[in-house]
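[1] Build me a model from this:
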Amino acid sequence: MQIQPSPLKVIFNPPGVQSGMPGDILQIYAIVINQGNQSAVIDVFFDEAFQIFSQSNISPRQRIALAPQQKTEVSFEFQIPINTQAGTYNYTLIVDAPEHYPQETPIPYLRQIKVQPKEHTVIRENDPTFSVKPATNPSNPLIFKFSEALQIEVTVDNRSGRVDRFRLTCLDFEETWFTIRYLKTGLEGAGLLSGGSGLELNPRDQGQILLQFHPPTDILAGSYSPTIRLHSNNSPDLVLLDLVYIQIPEIYHIDVELNTILGTVSRTFGKYEVKLANRGNTVRELAFSAKTQDEEELCTYEFQPSKVRVLPTKSAVVNLIVNPVNRWRRPFFGSALINFKIEVQDQQKLPLPDKLPQATLVWKSRPWWQFLLLLLLILGLLGGVALIIWRILHPEPLKLENFQSSSLSYEEGDRVRLTWDIGNAGRLEKLALLTTGEETKEDLLYDSNNTLKDPSGCQRQQQVLNCTNFPGTTKPGEYTFTLKAFDRSGQLYQISPVKLQIKQNPAPEVVSFQADKSEYEKGQKVTFSWEIRNPEQLKKLQIIRKQEDTTVSNEYDFNQFNQGIPMPIKSFCKKDNQQLTCKNIPSAVNQPGTYTFALQPFAKSIYQPNIKQTETNKVKIKPKPFEIVYFTLNNSSEPNIVVEEGQPVILKWKVVGEDINVQISNLGNVKSEDSRPLIANQALPSQIEIIVTDKFNQPPLRKGFFIKVQPVPTPNNNIAPSNVPDNSL
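    All right, here's what the predicted structure looks like:
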């Protein structure tokens, strides 16, 4: 199948890579040719990657109109920002004609700009140059792999008229970190590698230098930008520099070892040693804890220090003291084995070994004389039983404790979470929560049937009722929560109330709203652009058309889409830093007239006040122009016509337009296309004119004729015929 040529062609000047230093002013020239068979409106603009040079959020753009086979030149001028780092940057120039070549456009053209270091010498016409492949910049570095060297190809161009020898250096890295090899260009044969002292090139010739980076394995992870310099024997003062951006990936490898120093104790504590070895290339900040491997926790664990910082290839030692608690639980017979394991937490959430070391503390049995203490303990237990019986006969009152909120400040939409403890909950008869503030209400939480209104957040442990994350209100404002409890005798118990605030979410705010043009022709799409702050709080947007009445022209519902942007406008919009920016949004308005459009946002929150509309300047939609195709008399459109009296006259006309009114001076209102037969006589008007108007008050069109009716000549009766005899004689 034959490929159809593109209707648009672009020729660039300069055609290759452009280069400059920070602060330089560069110009881009492009010749745009319309090779198609129709006139077209063409947009020439840059992609978002060019914004690093345009110093704004909007890339340069030009619009041109070209007839078929017509061409024109567009130019862009920009300054490389002073703070731009050296490197090669890719961008795309886009040529688009969506209205006239929608199937063939947009057409992207990939381009490059090489930003040279500030120390780089200004290059003259005959000075040598070099380029690095692959090209790098701070946003597009080369990723180093420890398993293989990172190779870069440097292409040198000797543009002078003399043989020259070139040498490459890299002063930012140690000599053992890189290797430079020069491709031979002499009789040895092209393509042979050599570790010689330079690259010798004939005039107007090119050659290659291979630069391999192989830093040691203990190099720190991060971004590196070594500077490479090309030296010329013929021009030793010429400074030719370029930067290579390299990313050293992170390696996370930490060894953890647990050694026992004192693992069997009776009255003292156990001593252990944790050895750490950082075999990666990142700095590790580690914290330590430990927990039992048994059913109950019988010891406390103290690390000295509790946090350490281990540099790459370095080691550290942490002392661990394991101290048994609850000395009364020390065994009377045999020894207790307390199994525990250490836990390591990385402060930067970096990976840690899957399996950490474990150890065992041996707790020796008690001496025989401690049986006496056991006897005393039994007696104490009997006394405790007696105390319990007394408490049953004389129960303790309710105890309200730990009434608090998980936070004193909430955002709108968050649910308030309350926590409290009630001691001696067996005597609880009724529990209520009083809320005062923007909303005032009292919720019954517990009734006489021992039924919890929200049992999922409450737990009863023995005689303590613990309620956690109990839901409260959600409306913005300042609130005071009071917990009220009644026991079986009807006595009221209260605790200090909790005061907190629910902050209202910021309302969506229209930063800007405007029509993309002030005038349109009927049939063109009316498009709008806007910027809205806090788009996450949007419920819907309305574009309102205002003329004689107010009509909602477009409506976009933000609640129906998980991505936060309605599908009809998703391709026109983007979110950035809590701001929604939309460009070229089409509107369903096509009737001629002068309109004012307003953007009306609605907030998700039911507590937000009405948001004020933002209006555009007046937008005019012009009607399509009308035209007199022809207006002839006897197939002639000459302004002055002479006809003979009695001669038939045919008047023809054709007018095209929308909602037009056609009048002919002697015929009145007529159809837009018709013909009329007339007779040339003295009653025929000397002037016939056609007048075309429309309902949109466009300037009328007129066209007419001046008609002269010429009488038919009559014979002369005073001349005698030649064959009549003359009786005068």
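
[2] What ranges does the stretch 1-150 of the chain have for its helices?
    51-54 (DSSP state H, counting those that start in this stretch).

[3] Distance check, residue 223 against residue 138.
    Between residue 223 and residue 138 the distance, using Cβ to Cβ, to the nearest Å, works out to 8 Å. Where C-beta positions appear, they are placed from N, C-alpha and C, glycine not excepted.

[4] tell me, what's touching those two both at once?
    residue 245 (Cβ atoms under 8 Å, 6 or more residues apart in numbering).

[5] Same drill for the two, tell me which one is more crowded.
    residue 138 (15 against 10; other Cβ atoms under 10 Å).

[6] Let me see the confidence value for the residue lying closest to that one once chain neighbours are set aside.
    Counting by Cβ to Cβ, 6 or more residues apart in numbering, residue 138 lies nearest to residue 85, which is 5.1 Å off, once chain neighbours are set aside. On pLDDT, residue 85 comes in at 80.

[7] what do you get for the one 3 residues further on?
    As summarised for this prediction, residue 88 has a pLDDT of 80.

[8] again with residue 287
    Listed pLDDT for residue 287 reads 93.

[9] about what we covered before: in this structure the residue nearest to residue 138 contacts residue 243, no?
    Yes: at 7.4 Å, residue 85 counts as touching residue 243 under the criterion of Cβ atoms under 8 Å.

[10] where do the contact lists of those two overlap?
    Listed as contacting both residue 85 and residue 243 by Cβ under 8 Å, 6+ apart are residue 225.

[11] Now residue 287: which helix or strand?
    Using DSSP states H and E, residue 287 sits in strand 284-292.

[12] For that strand, which helices and strands make contact with it?
    Helices and strands touching strand 284-292, by 3 or more Cβ pairs under 8 Å, 6 or more residues apart in numbering; DSSP states H and E, are strand 270-278, strand 299-304, strand 307-310, strand 315-324, strand 336-346.

[13] For those, give me JSON lines that also has distance to residue 703 and mean pLDDT.
    Conversion of the helices and strands packed on strand 284-292 to JSON lines gives the following (distance: least, Cβ to Cβ, whole Å; pLDDT from 0 to 100):
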{"stretch": "strand 270-278", "distance to residue 703": "94", "mean pLDDT": "92"}
{"stretch": "strand 299-304", "distance to residue 703": "102", "mean pLDDT": "91"}
{"stretch": "strand 307-310", "distance to residue 703": "94", "mean pLDDT": "91"}
{"stretch": "strand 315-324", "distance to residue 703": "100", "mean pLDDT": "91"}
{"stretch": "strand 336-346", "distance to residue 703": "89", "mean pLDDT": "89"}
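
[14] Could you say which of those strands is packed most deeply?
    strand 270-278 (a mean of 19; mean count of other Cβ atoms under 10 Å).

[15] Extract the CA atoms of it and return them as PDB.
    Output of strand 270-278 as PDB, limited to C-alpha atoms (Å, rounded to 0.1, in the frame of the first residue of the first chain):
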ATOM      1  CA  GLY A 270      21.900 -10.800  81.100                       C
ATOM      2  CA  LYS A 271      24.500  -9.100  78.800                       C
ATOM      3  CA  TYR A 272      24.600  -9.500  75.000                       C
ATOM      4  CA  GLU A 273      26.300  -7.800  72.100                       C
ATOM      5  CA  VAL A 274      24.800  -6.900  68.700                       C
ATOM      6  CA  LYS A 275      27.300  -6.500  65.900                       C
ATOM      7  CA  LEU A 276      26.300  -4.600  62.800                       C
ATOM      8  CA  ALA A 277      28.200  -4.500  59.400                       C
ATOM      9  CA  ASN A 278      27.100  -2.200  56.600                       C
END
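
[16] Remind me what that strand packs against, helices and strands.
    Packed next to strand 270-278, using 3+ Cβ pairs under 8 Å, 6+ apart, are strand 254-262, strand 284-292, strand 307-310, strand 315-324.

[17] If you count neighbours, what's buried in the strand holding residue 287?
    Residues of strand 284-292 classed as buried: 284, 286, 288, 290 (neighbour count, 16 or more other Cβ atoms under 10 Å).

[18] Identify the farthest-apart pair in those.
    Using Cβ to Cβ, the two most remote members of the buried residues of strand 284-292 are 284 and 290, lying 18.8 Å apart.

[19] pLDDT weak spots in the stretch 251-400 of the chain?
    Low-confidence segments of the stretch 251-400 of the chain (pLDDT under 70): 368-374, 391, 394-395.

[20] Please identify which of residue 85 and residue 243 sits among more neighbours.
    Of the pair residue 85 and residue 243, residue 243 is the one with more neighbours under other Cβ under 10 Å, namely 22 against 16.

[21] Check the gap between the closest residue to that one other than its chain neighbours and residue 233 for me.
    What sits nearest to residue 243 in space, not counting adjacent residues and going by Cβ to Cβ, 6+ apart, is residue 86, at 4.3 Å. Distance of residue 86 to residue 233, given as Cβ to Cβ: 25 Å.

[22] The two - which one has more neighbours?
    Neighbour comparison, residue 86 and residue 233: the larger count goes to residue 86, with 23 against 13 (by other Cβ under 10 Å).

[23] and residue 551, what is it in contact with?
    Applying Cβ under 8 Å, 6+ apart, the residues contacting residue 551 are 544, 545.

[24] ok, what's across the strand from it?
    Beta-bridge partners recorded for residue 551 (DSSP bridges): residue 545.

[25] Take the buried residues of strand 284-292 and write them to JSON lines, including distance to residue 510.
    Shown next, in JSON lines, are those (distance: Cβ to Cβ, whole Å):
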{"residue": "284", "distance to residue 510": "49"}
{"residue": "286", "distance to residue 510": "50"}
{"residue": "288", "distance to residue 510": "53"}
{"residue": "290", "distance to residue 510": "57"}
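
[26] what's the closest of these to residue 316?
    Distance to residue 316, by Cβ to Cβ, is smallest for residue 286 among these, at 8.4 Å.

[27] looking at it, that closest one is touching residue 342, isn't it?
    No: Residue 286 is beyond contact range of residue 342, at 10.8 Å (criterion: Cβ under 8 Å).

[28] can you tell me how far the nearest residue to residue 114 once chain neighbours are set aside sits from residue 135?
    Counting by Cβ to Cβ, 6+ apart, residue 114 lies nearest to residue 19, which is 4.1 Å off, once chain neighbours are set aside. From residue 19 across to residue 135, the span is 12 Å (Cβ to Cβ).

[29] Pull up the overlap in contacts between these two.
    What both residue 19 and residue 135 touch, as defined by Cβ under 8 Å, 6+ apart, is the set residue 114.

[30] so residue 11 bridges to which residues?
    In beta-bridge terms (that is, DSSP bridges), residue 11 pairs with residue 31.

[31] Report pLDDT for it.
    Residue 11 carries a pLDDT value of 86.

[32] give me the number of residues near it?
    Neighbours of residue 11 (other Cβ under 10 Å): 12.
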